[in-house]
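**Q** got a sequence here, can you build the structure:
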Amino acid sequence: MRGAAPALTGSIARAGCEHCLAARESVELKSLLAEAEREAIRWALRRAGASQAKAAQLLGIPRTTLRDRLAILFNEEPATTLTR
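**A** Prediction:
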């Protein structure tokens, strides 16, 4: 892994998770995790100005892993993920 990624810790992470789950009767964990991953990737790409290398560094993953996740989660190129 390259460099440490900034992490949401403590009450910020808990508040975000509690907020997204508060109104649900049930949760499909796989879908919830995929949506969280999509949001994290969108955040990193916006913050990195759409640079995959910089976004991957922010996420603490190799660029090739980011590209693989983009293909799986968005089924499109990263530039178009910024507009969603």
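**Q** how close does the residue nearest to residue 51 when sequence neighbours are not counted sit to residue 31?
**A** Leaving aside its chain neighbours, residue 51 sits nearest to residue 45 (8.0 Å; criterion: CB to CB, 6 or more residues apart in numbering). The way it works is simple: take the backbone N, C-alpha and C, and place the C-beta from them, glycine included. Going from residue 45 to residue 31 by CB to CB, to the nearest Å gives 21 Å.
**Q** list the helices and strands the longest helix along the chain packs on?
**A** The single longest helix within the chain, with elements called by DSSP state H, is helix 29-47. Helices and strands touching helix 29-47, as assessed by 3 or more CB pairs under 8 Å, 6 or more residues apart in numbering; DSSP states H and E, comprise helix 52-59, helix 63-74, helix 78-81.
**Q** just say which of those is most tucked in.
**A** Across the helices and strands packed on helix 29-47, averaging neighbours per residue (mean count of other CB atoms under 10 Å) puts helix 52-59 on top, at a mean of 20.
**Q** shaky segments in the protein?
**A** Applying pLDDT under 70 to the chain flags residues 1-17, 76-84.
**Q** can I get stretch 59-68 as CSV, trimmed to CA atoms?
**A** What follows is stretch 59-68, C-alpha atoms only, in CSV (Å, rounded to 0.1, in the frame of the first residue of the first chain):
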residue,chain,number,x,y,z
LEU,A,59,-7.7,5.9,-0.9
GLY,A,60,-4.6,4.1,0.1
ILE,A,61,-4.8,1.6,-2.8
PRO,A,62,-2.8,1.0,-6.0
ARG,A,63,-3.9,2.8,-9.1
THR,A,64,-4.6,-0.6,-10.8
THR,A,65,-6.9,-1.6,-8.0
LEU,A,66,-8.8,1.7,-8.4
ARG,A,67,-9.2,1.1,-12.2
ASP,A,68,-10.5,-2.4,-11.5
